[in-house]
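> Could you look at this predicted model? Sequence included:
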Amino acid sequence: MHITRYTDYSLRVLLYVALKGEERSTISEIAERYDISRNHLMKVVQELNRKGYLQAIRGKNGGLLLKQPAEDINIGALVRDTEQDLELVECFGDNNKCVITPACRIKNVLFEALEAFFKVLDSYTLADMLGPNPCIRSELIRLLQLNSSHHPEPHVSA
């Protein structure tokens, strides 16, 4: 299975915003830190805002914040929300024309594999991606060039 760039960017945006905690993030700074297209990122952020993952605040002091705590953002649900096509093979879809479908076990095996994939993703939250170890969070902050002294801990409730 291959997740789309859209889902990859969605995960990265949420991780970035979570790392900044209560300090607002901008699309431009996220695009710059990840070296990705600002225009593409705008579409991702609009969708994350529409689906309730982000709060986009307009104006001079605007920016992006998580709309809910990081531990409430389930990775499996996010991937389901952002992936357009989870049909791994033709027979998963409504327009199946494969002649061996009545006797083929591939569909069942791939469906089982997809379910296992999501079972693993469903067991993690955005807070888990930040890492329970402070060293992981510090390394993410360093790699994204965030100054930890100016960025409070992410909003993660106990």
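Thanks, I have it.
> Return the distance of residue 94 relative to residue 84.
Residue 94 sits 15 Å away from residue 84, going by C-beta to C-beta, to the nearest Å. Placement of C-beta: from N, CA and C, glycine included.
> Compare neighbour counts for the two and give me the winner.
residue 84 (8 against 5; other C-beta atoms under 10 Å).
> My guess is the more buried one contacts residue 7. True?
No: under the criterion of C-beta atoms under 8 Å, residue 84 makes no contact with residue 7, lying 9.2 Å away.
> Which residue ranges of the protein form strands?
54-57, 63-66 (DSSP state E).
> what mean pLDDT would you report for the last one?
Mean per-residue pLDDT for strand 63-66: 96.
> now the first one
Per-residue confidence for strand 54-57 averages out to 94 on the pLDDT scale.
> Of all the residues in it, which ones are buried?
Of the residues in strand 54-57, 54, 56 count as buried by neighbour count, 16 or more other C-beta atoms under 10 Å.
> ok, that strand: who's next to it in the sheet?
Here strand 54-57 has these sheet partners by DSSP bridges: strand 63-66 (antiparallel).
> I would like the residues contacting the partner strand, please.
13-14, 17-18, 22, 24-27, 30, 45, 49, 53-57, 73, 126, 154-155 (C-beta atoms under 8 Å, 6 or more residues apart in numbering).
> 7 Å - rerun?
Strand 63-66 is contacted by residues 17, 18, 24, 25, 26, 45, 54, 55, 56, 57, 155 when judged by C-beta atoms under 7 Å, 6 or more residues apart in numbering.
> No more questions from me, cheers.
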